[in-house]
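# Below is the sequence, then the predicted model.
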Amino acid sequence: MPKFLVQRWHGMHVVWALVLIFMLTVALAWYQWLFGLLGLVLGGVVAAYGILAEKAFRNDLNDYVLTLSHRIKNVGNEVIAQLPFGIIIFNEDKEIQWHNAYIATVIGRASIVGDPLTTHFPVPQHLIKDKESVIEATIGGRVYELLLRANERYLYVWDITERWTLKKRYDEEKLALGIVMMDNLEEVAQGMDEQQRALMLSKVTGEINEWSQKYGLFLRRLSSDRYMIITNQITLKTLEQSRFELLDDVREITIEQKLPMTLSIGFASGADNVIELGHLVQGSLDIALGRGGDQAVVKFGQRQSFYGGKSNAVEKRTRVRARVISHALRDLIKESDNIVIMGHKMPDMDAIGAAIGIMKAAQLYGKEAFIVLEGVNPAIHRMMDMLREDEKLMKRFVSPEHAMGLIGKRTLAVVVDTHRATMVAEPKLLQGTDRIVIVDHHRRSEEFIDDAVLVYMEPYASSTCELVTELLQYIHERVVLDVREATALLAGITVDTKSFAFRTGSRTFEAASFLRRNGADSVLIQRMLKEDLEEYIRKAEIIRNAETYRDCIAIAVAETGKQFPQLLIAQAADTLLNMTGIKASFVIGLRPDGTVGVSARSLGQINVQIVMERLGGGGHFTNAACQIQGTVADVAVKLKQVLKDLEEEEGLFE
């Protein structure tokens, strides 16, 4: 027992003794004063002893507390010094005031007191102002987790190298699935005898097998034109770094064919289970096919990447798919109460013409059909003037607000000339029904209306009007169009093909021939497409500022501060493409809505779609656009940087 506790025990007995002596002294003094005096003297002696004992107790207690505090302080210092993580205290000037011994092992110096915190630890300045932040950093070849508490001005440092390495290995070995598909096998093989077909397939199959062995892929053939691939994430990253050279290799070995063989590749990784992974890889392949084929699409977690796409979509020679889609659309129309049709915001002639064609299909089966129109694009005001001559037809055009009252669970919503929910005239209409049909000719982008029951997307087609015209020929035994309906459809084809100069195939002319037989007026279309003199002069002002990039690309930046309609910007890009030696053209101008519009055109040697996708837009292989916030000068700098990056990554100008 400690000495001060013994003294405390004695002190307590002294107190009880004093109480007893006091009581005896009082009792004795009652009978004899002499005995009371002796008791008083004895009580004084005992009291003096008690005072001395209390003083000794307090001195010993202080000594004990000081000794214990010293021992606890030593133990605390030793514990802090031996902690398996680092502690740093810094001042308001971000200078280190103190750190434990662990930090010395991290930095390799005995002391870094007085050094700026950011000299040794990569802590961004803006994070130092936050209440609490967690940062991963590599220091001296090891990985550390830094917990910053700015309010208390503490920094904790943990070594997470082993955990980080294990997690990295786990992520790298996660399952990745892929599908490789020959997307134009039937078109290429038409006209070949069995020996030629077998030889061509042998070349392509051999190239695919060599590619799989080179990267250690597990390859299994699913059908005559489809392969399944099993690998892991680290190998998938390697394939992305190689930019899927298999696409170019197969195209080159079949280049002697009239139509070179092309592949479409879909990959996916990062899903929680195999079933979800299977859906993702099929979705990636669908996107690759929807964008025209000859490319790879990788879905890696939330990231979606596109590779290839160096050739234009190949026109399908058969109309089997058009017939199948038309019959499916016919059944959906019959089963619906009414039909609501809409194109993209600020519709062009292709969107209006296609909408009129779908409306005609609905009317053939006695169904009420309406076209949603939000504002009138100045580029189609002459077309709308022609349609206003038919009062019955114009009653079918309704505002988005009116259309919301028409939508129901048995309403068929048909989206034409776009597949992005954010670009339709009224996105809320798509939430009112589960019966959605998409008819579009654009190359598929990352954003897509996923819950559509019927999708007809053919990037090879010149226009949506071409696709709708083919559907009309199969959707009913007797299709009779009036002059305005046929003219609207033909106008959409004419505008998107630049009067049949670009993106035209045999099926384009067949569709145009069908429309002409139904009374389409080509003279009326030419009147619609006439330019105003004032607009022509403004277009010339834009073209005057054009410059060449890499000797084959024309870039025109409109004058700062002036606003130009998107149509005028697009027409300037078309005009620049007609210049000698120009393979692609880009025109940048400020739009009336305050955004900067970019129109891109090419002759087919350069894929302008991937250029516009890097800037947040999209479109076709030869015809694309985007709208960006900022200034025309800043957008021009961004465009040139994107062109430079694509040249280095994919050989854009080769």
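That came through, no problem. Numbering: from 1, shown residues only.
# now the protein, which segments are flagged as low pLDDT?
For the chain, applying pLDDT under 70 flags the ranges 1-82, 125-131, 258-259, 310-318, 650-654.
# how does it divide up, domain by domain?
3-82, 86-168, 174-308, 320-528, 534-650 (automatic domain parsing).
# Would you format the ones you listed as CSV with mean neighbour count included?
Backbone N, C-alpha and C define where each C-beta goes, glycine included. Formatted as CSV, those follow (neighbours: other CB atoms under 10 Å):
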stretch, mean neighbour count
domain 3-82, 13
domain 86-168, 15
domain 174-308, 17
domain 320-528, 20
domain 534-650, 19
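# can you list contacts of stretch 509-516?
Here stretch 509-516 makes contact (CB atoms under 8 Å, 6 or more residues apart in numbering) with 465-466, 469-470, 473, 481, 486-487, 489-490, 493, 500, 520, 522.
# does Glu534 sit in a helix, a strand or a coil?
Assigned with DSSP: H, G, I helix; E, B strand; the rest coil, Glu534 falls in the helix class.
# wait, I meant Met404
Under the three-state scheme (three-state DSSP), Met404 adopts helix.
# got a list of what the residue nearest the centre of the chain touches?
Taking CA atoms, centre = their mean as the criterion, Arg303 is the residue nearest the geometric centre of the chain, at 5.7 Å. Counting by CB under 8 Å, 6+ apart, Arg303 makes contact with nothing.
# Quick check: Leu646 touching Val611?
Yes. Look at Leu646 against Val611 with CB atoms under 8 Å: they come within range, at 6.5 Å.
# picking that back up, what pairs with the residue nearest to the centre of the chain across the strands?
Arg303 forms beta bridges with Phe300, as assigned by DSSP bridges.
# With secondary structure added, can I get the contacts of stretch 509-516 in JSON lines?
What follows is the contacts of stretch 509-516, written out as JSON lines (three-state DSSP):
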{"residue": "Cys465", "secondary structure": "helix"}
{"residue": "Glu466", "secondary structure": "helix"}
{"residue": "Thr469", "secondary structure": "helix"}
{"residue": "Glu470", "secondary structure": "helix"}
{"residue": "Gln473", "secondary structure": "helix"}
{"residue": "Leu481", "secondary structure": "coil"}
{"residue": "Ala486", "secondary structure": "helix"}
{"residue": "Thr487", "secondary structure": "helix"}
{"residue": "Leu489", "secondary structure": "helix"}
{"residue": "Leu490", "secondary structure": "helix"}
{"residue": "Ile493", "secondary structure": "helix"}
{"residue": "Phe500", "secondary structure": "coil"}
{"residue": "Ala520", "secondary structure": "coil"}
{"residue": "Ser522", "secondary structure": "helix"}
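# which one of those residues is nearest Gln605?
Comparing the contacts of stretch 509-516 against Gln605 with CB to CB places Phe500 closest, at 20.1 Å.
# What separation do you get for the closest one and Arg251?
27 Å (CB to CB, to the nearest Å).
# Can you tell me how far the residue nearest to the centre of the chain is from Leu236?
Relative to Leu236, Arg303 is positioned 12 Å away (criterion: CB to CB).
# What of Ala268?
9 Å.
# Need the overlap of contacts for the two.
By CB under 8 Å, 6+ apart, Ala268 and Leu236 have these common neighbours: Ala176, Gly178, Val298, Phe300.
# can you tell me which two in those are farthest apart?
Across the shared contacts of Ala268 and Leu236 (CB to CB), the longest gap, 11.8 Å, separates Gly178 and Phe300.
# Between these two, which contacts overlap?
Joint contacts of Gly178 and Phe300 (CB under 8 Å, 6+ apart) are Leu236, Phe267, Ala268.
# So which of those are in strands?
Assigned to strands by DSSP state E, the following of these qualify: Phe267, Ala268.
# Closest to Phe621 out of the shared contacts of Gly178 and Phe300?
Phe267 (21.8 Å).
# quick one: secondary structure of Leu567?
helix.
# Apart from its neighbours in sequence, what residue is nearest it?
Ala379 (4.0 Å; CB to CB, 6 or more residues apart in numbering).
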